[in-house]
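Asks: mind looking at a prediction? Sequence and model below.
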There are 2 protein chains.
Amino acid sequence: MDARAIRQSLEDSGLRCTAQRYAVMAFLVEHAGHPTAAEIFAAVNRVDPRSSRATTYNNLRDLVRAGLVREVAVEGRAARFDARGIRHHHFVCDRCGNVEDLEWYDVPRPASHSLGKRVLRECELIFRGLCSNCARRRAPRKAS
Amino acid sequence: MDARAIRQSLEDSGLRCTAQRYAVMAFLVEHAGHPTAAEIFAAVNRVDPRSSRATTYNNLRDLVRAGLVREVAVEGRAARFDARGIRHHHFVCDRCGNVEDLEWYDVPRPASHSLGKRVLRECELIFRGLCSNCARRRAPRKAS
DNA sequence: ATATTAGATTAGACGTATTCTAAACTCCGG
DNA sequence: CCGGAGTTTAGAATACGTCTAATCTAATAT
């Protein structure tokens, strides 16, 4: 996804392509490691020190609402974000909290009698366990 | 799950059966509506005003570690808890944040080449959309 | 029964992640 | 150029959860 495509996807979602919003989206497209809001803010702010924390949060919220970005809540830790590129599932490490991508495969939907009158938007499959780093030995509290 | 069974499951997990811990576990067994820690504390404290907030959090952490209770992280909201009774999946409402149970069915595991050296502990299937309450009309911010 | 002690509890301070506020700015159409 | 919707900003405020250090208690050993 190049600069033009990012700009286009923002406009398609009815969002103005401001410098700050573009920076957040571009960072997510380039960094698939599921950064936290704080990490995104730090990176964006390093390049353009005018940008603020609140704006980073605002833009992440807007991008998630627009469906361009996915938010992953992790128990007891800051949320992680990633640009919705290739479809994939998520693996969350019990120990260090890092989120990693796993190959995508189809998920069976629930039976409609089970769903009732609920309106289903998406099925999310999350795997939990130890990432390869933490599995090796009880190593880092926060992997690189 | 009756009083005796609760006491037993705590002891089996190497946890002392204190009044406060028992109360937390018993509340979760009786209230399958995925309460937040704050709701659990309020309920437990109403019955026995000696119990404290810190203890409720401590006990929830212990119960989750022991595998007796499941914690569900919800983006931007307080975590929800439920006693692991009958296996089930979870439906999270985009709008009010409530968590509901859906009938359980088998989830296909990822291919081992995709998993790599990670150690898989569990597969969690989460559905997202609107609960029947919120689907009806853009009604409550927080359902009963 | 009683003593022992690891484990549990407490109130309230603290910390971190996130949202709110209100003023200022920017972009664009009229 | 004017107006207004959408954005940005710094910092205050809030929500949620954790920590501390003193005190207490359940389960075991005596």
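Replies: Nice, thanks for sending it over. Residues are numbered from 1 along each chain as shown, chains lettered A, B, ... in the order given.
Asks: so which residues on chain A come close to DNA strand C?
Replies: For chain A, the contact set with DNA strand C under C-beta under 7 Å from any atom of the strand comprises A:16, A:18, A:36, A:37, A:38, A:53, A:54, A:57, A:61, A:77, A:78, A:79. All C-beta atoms are positioned from the backbone trio N, CA, C, and that covers glycine.
Asks: who wins for most neighbours among those?
Replies: Highest neighbour count within those, by other C-beta atoms under 10 Å in any protein chain shown: residue A:37, with 19 neighbours.
Asks: quick one: buried residues of the helix or strand where residue A:41 lies?
Replies: Using DSSP states H and E, residue A:41 falls within helix A:37-47. Buried positions in helix A:37-47, judged by neighbour count with 16 or more other C-beta atoms under 10 Å in any protein chain shown: A:37, A:39, A:40, A:41, A:43, A:44, A:45.
Asks: next: stretch A:108-116.
Replies: A:110, A:114, A:115.
Asks: likewise for stretch A:93-104?
Replies: Under 16+ other C-beta under 10 Å, the buried positions of stretch A:93-104 are A:93, A:95, A:96, A:97, A:98, A:99, A:100, A:101, A:102.
Asks: for the last one, give its distance to residue B:92.
Replies: Taking C-beta to C-beta, to the nearest Å as the measure, residue A:102 falls 20 Å from residue B:92.
Asks: ditto for the second one
Replies: When distance is defined by C-beta to C-beta, residue A:95 is 24 Å away from residue B:92.
Asks: then residue A:20?
Replies: 29 Å.
Asks: those two: which has the busier surroundings?
Replies: Remark: of residue A:20 and residue B:92, residue B:92 carries more neighbours, 23 against 17, as counted by other C-beta under 10 Å.
Asks: neighbouring strands - and their directions - for the longest strand belonging to chain A?
Replies: Taking DSSP state E as the criterion, chain A has its longest strand at strand A:119-130. Take DSSP bridges as the rule and strand A:119-130 pairs in its sheet with strand A:88-93 (parallel), strand B:119-130 (antiparallel).
Asks: so what's the residue count around residue A:119?
Replies: 14.
Asks: now residue A:9
Replies: 20.
Asks: and residue A:5, that one's in a helix?
Replies: Yes. According to DSSP: H, G, I helix; E, B strand; the rest coil, residue A:5 belongs to a helix.
Asks: roughly how far does it sit from residue A:17?
Replies: Residue A:5 sits at a distance of 12 Å from residue A:17 (criterion: C-beta to C-beta).
Asks: of these two, which one has the most company?
Replies: The neighbour count for residue A:5 versus residue A:17, taken as other C-beta under 10 Å, is higher for residue A:17 (13 against 10).
Asks: what about residue A:117, distance to DNA strand D?
Replies: As for residue A:117, its distance to DNA strand D is 26 Å (criterion: C-beta to the nearest atom of the strand, to the nearest Å).
Asks: got a pLDDT number for that residue?
Replies: Residue A:117 is assigned 93 on the pLDDT scale.
Asks: correct me if wrong: it contacts residue B:135.
Replies: Yes. With contact defined as C-beta atoms under 8 Å, residue A:117 reaches residue B:135; the gap is 6.1 Å.
Asks: helix or strand: which one has residue A:113?
Replies: helix A:112-115.
Asks: do that helix and chain B meet at all?
Replies: Yes. Helix A:112-115 comes into contact with chain B (C-beta under 8 Å from any C-beta of the partner chain), by way of A:114, A:115.
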